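K.L.:
I'll drop the sequence and a predicted model, then ask my questions.
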Amino acid sequence: MKTKGYKAFASLRAGVVATVAAALVITPLAVANSAEVPTFGKACTSEGVSTGQKTTSLICQQNSGGKLTWQRVRLGGSYAAPAAALTPPKGTIEFHHWRGEDKVVLQSIIDKFEARYPGTKINQVIMTSGDYGNLALTKISANPKAAVFVTMRGGQFNNFYKAGLLKDLTTQRYAKQNFIQSALTPGTVDGRIYGLPYQSLFNNPIYNAEMFAKNGWKVPTTWSQTLALCKTIKAAGYIPFAWPGATRGNAGQILNAFMMNSAPYATVLKNATDIDTGKSDLTNDWFTGIAKQYKQMADAGCFPPNPTGYTDTVAPADFAAGKAAIYPTGTFGMSSVTKLNPDMKGKMKIFGLITTDSKPYFEGITNNTFILSVNAKASSTDQKIANAFISYLATAPIAQEYAVGTSQHVSVIDVDYSANVDLLNTSDIMGKKLLLAPRFLFLNQGVVRDKLEDALIAIVGGADITKTLTDTSKIIKQGLGA
Amino acid sequence: MLMALPAFAIYSFLYLYPSVSNLWNSTKRWDGVLPPEFIGARNFTYLATNDDLFLKVLGNNIRFALVVVVLQTSFSLLFATFLLKNTKTTIFLRVVYFFPTILSSVSVGLIWLFLYNPNYGLINAAAKKVGLMNDPGVNWLGDGRYALYAIAITQVWFHTGQMVVIYVAGLQQIPAELYEAAEVDGASRWQQFKSITWPMALPTTAVVVAYTTIQSFRAFDLVYAMTQGGPNNASDVLVTLIYNTAFASFKFGYASAQSVLLVVMVLLITWLQRRTLRVNYGDK
């Protein structure tokens, strides 16, 4: 079974759709330069920055004369006006997800939902993302009370679909009218909608703009510039990239960037699929090239001391404390940083990690995930509650509350991010040519993706490239054959 | 006989059925989603002939068990000999040593994760302070050469107190007259230990070693909390491997086969230990 999301990868256009469309078509956000008041038709300075996802929202784009001006955001995704939330029956269900850091904001939303519909209750059940990836299928398939849950894009969503746990939501008005259409791809199978990706993530490095400005550092746009910047930052006494090499999941985020410009997209897709199915080894030129670039970064001092022991607890703390210049995991980490140090609010910006000195194929990474679904094995009443809850989450004011409260961009239309300066300041990435996170092309997480990401981490830690890739290839092939 | 039936029923439901079910699952190819397919002994033959990772992790687990068994048994016996008398101080110290045992294993893992942090952790900072280490310090959990042993040390710290209590109980059964007679004969403390304490403590040692071995082979929580088996499987042990095979790779049948082998190995090792430490209980 291949989902539509999977098949879409086969087309280079899909990446463009998921990027430019997700960005321009509906987009959010904000004002990179706080002194610049977005006014329709007036000049602007940061291409791609937009004020939100409303019909009245503005985006900074080139006009026909080639000048950057504030223009209307095009909301091309919706079929009609957004649908209102559905009314649920009385009852209690569970909402399973992995975003512990969103618990408070989600509980506030749930409280409002419950107050609006007395007699209906939603209980959050939260696991860490690692545990969720491993255990959610087993737990939810045995628990019909888990009527609403989320899945991660790629392998997990596919497994839930194969297990028959995803209720078809195609006919729900809110599914088609409240979401950015291009963002629906990861939750769609053969034209049917089984899940609604709630978050629009940007898995690109976040940098301390104040630190950059103070030290006169420029955001790198080529591989050589990136390596040179690492040396400069390190020489200034800072950690260049607060890369959490001890935590595979977040350490793997930069793999997206290494893959996106390693070859034309069709080649990336083929190479990744070949490795994922055991037709090819990690020792091929493509993956060896990626591994060598990891080593180059390590040699240039891009990573912290003892990178393989550097956890994703320490990484955001160092970034928040001003010890590190760049936090390379993505926008989803911004809320953790501002919780650690509220002074970081407004100081974070984003850039695409470019790993080539030639013209890049893509300028950054996006990901549509946190895919909301209704449990097909829940009772009819519980399914109705779940459906109503998702429709409630898909209304603009609620999605906005979630987005602003958690510093996460969302896939719901008509959302205004202007109340969160960090969302505003990272909005310019949406105007760039983005690729849907390609590390999820490795669908065999345990056997393939985890192993190859471990190998790359080991290489950063000083392991020999050839031996590590050879040994890991053998393990992967044996794992696939088991 | 009838009196034993309720207990047997509970045992059957909670232990026997899952064990037999696991054995049956080990003969299947099953991803936990689609219907399982019967494949006979193929999972076992593949494990024995084609799974380098399993062998590597088995080696890890044996090294882990050796370190833990030797250190935990030695320390607990040593501490127990000092804490044998029932004075206020020794009772207090027994409580102190036992205290880590009541902590949550995940909490212990996270605390030691901070202690081992190569850049900010207490261990490296202290070692650097006294000149035992230079920058960038030892990457305890991020370097494959050290990670497994670092976790083993944590495991020893975590469970030694528990074994001290067992040893104290065992050593207190040794008749005081033996030591009195030895002292009259002029035996030194070491001679008393070698000729009285150690042989008389063998039954307790057998229990401690068997228990620690089993504990080491079913280690999971500390490893998962501290390294998740990394870096690059360097600290993976059998149970974390089985967990990942089942829940990250969705190979439930294969994971069942791995767990069957784990049980067989633990039984075998425990039996060998019992033979090695064969103790005369009076009826052999």
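P.N.:
Sure thing, it's come through.
K.L.:
Residue numbers of the stretch 51-200 of chain B in contact with chain A?
P.N.:
Taking CB under 8 Å from any CB of the partner chain as the contact definition, the stretch 51-200 of chain B meets chain A at B:51-53, B:113, B:116-120, B:135-137, B:139-144. For every residue, glycine as well, the C-beta is placed using N, CA and C.
K.L.:
how about the residues of the stretch 151-300 of chain A near chain B?
P.N.:
A:159, A:162-163, A:245-246, A:248.
K.L.:
so of those, which ones are in strands?
P.N.:
In strands, judged by DSSP state E, none of these are found.
K.L.:
Pick out the one among those residues with the largest number of neighbours.
P.N.:
Compared across those, A:Ala246 has the highest neighbour count, 30 neighbours, by other CB atoms under 10 Å in any protein chain shown.
K.L.:
quick one, what contacts that residue?
P.N.:
Residues in contact with A:Ala246 (CB atoms under 8 Å, 6 or more residues apart in numbering or on different chains) are A:308-312, B:141-142, B:227, B:230-231.
K.L.:
Now, of the residues of the stretch 51-200 of chain B next to chain A, which are buried?
P.N.:
With neighbours counted by 16 or more other CB atoms under 10 Å in any protein chain shown, those contain buried members at B:51, B:53, B:113, B:116-119, B:137, B:139-144.
K.L.:
and which of the residues you listed is nearest A:Gln177?
P.N.:
B:Leu113 (46.6 Å; CB to CB).
K.L.:
Distance-wise, check the closest one relative to B:Ala225.
P.N.:
7 Å (CB to CB, to the nearest Å).
K.L.:
Please apply the same query to B:Asp135.
P.N.:
27 Å.
K.L.:
What is the burial count for residue 182?
P.N.:
By default, I'm working from chain A. Count around A:Ser182 with other CB under 10 Å applied: 26.
K.L.:
Can you look at chain B instead?
P.N.:
For B:Ala182, the count of nearby residues is 16 (other CB under 10 Å).
K.L.:
excluding its backbone neighbours, what's nearest it?
P.N.:
B:Gln192 (5.0 Å; CB to CB, 6 or more residues apart in numbering or on different chains).
K.L.:
The one you found belongs to a helix?
P.N.:
Yes. Under DSSP: H, G, I helix; E, B strand; the rest coil, B:Gln192 sits within a helix.
K.L.:
got a list of what it touches?
P.N.:
B:Gln192 touches B:179, B:182-183, counting by CB under 8 Å, 6+ apart.
K.L.:
Thought B:Tyr254 was touching A:Gly479, still the case?
P.N.:
No. Counting by CB atoms under 8 Å, A:Gly479 stays clear of B:Tyr254, with 9.3 Å between them.
K.L.:
rewinding a little: CSV for the residues of the stretch 151-300 of chain A next to chain B, including pLDDT?
P.N.:
Shown next, in CSV, are these (pLDDT from 0 to 100):
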residue, pLDDT
A:Asn159, 90
A:Lys162, 91
A:Ala163, 91
A:Gly245, 96
A:Ala246, 94
A:Arg248, 90
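K.L.:
out of the residues you listed, which are inside helices?
P.N.:
Counted as lying in helices by DSSP state H, out of these, are A:159, A:162, A:248.
K.L.:
can you redo those residues as JSON lines with distance to A:Leu372?
P.N.:
Shown next, in JSON lines, are these (distance: CB to CB, whole Å):
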{"residue": "A:Asn159", "distance to A:Leu372": "17"}
{"residue": "A:Lys162", "distance to A:Leu372": "19"}
{"residue": "A:Arg248", "distance to A:Leu372": "26"}
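K.L.:
which among these gets closest to chain B?
P.N.:
A:Lys162 (4.9 Å; CB to the nearest CB).
K.L.:
which residues touch the nearest residue to the closest one once chain neighbours are set aside?
P.N.:
Residue nearest to A:Lys162 in three dimensions, not counting chain neighbours: B:Val33, with 4.9 Å by CB to CB, 6+ apart. Contacts for B:Val33 (CB under 8 Å, 6+ apart) come out as A:137, A:159, A:162-163, B:250.
K.L.:
Model confidence score at B:Val33, please.
P.N.:
pLDDT recorded at B:Val33 is 80.
K.L.:
Kindly report the same for the one 3 residues further on.
P.N.:
For B:Pro36, the model assigns a pLDDT of 93.
K.L.:
Enumerate every residue touching it.
P.N.:
Contact partners of B:Pro36, counting by CB under 8 Å, 6+ apart, are B:25, B:28-30, B:252-253.
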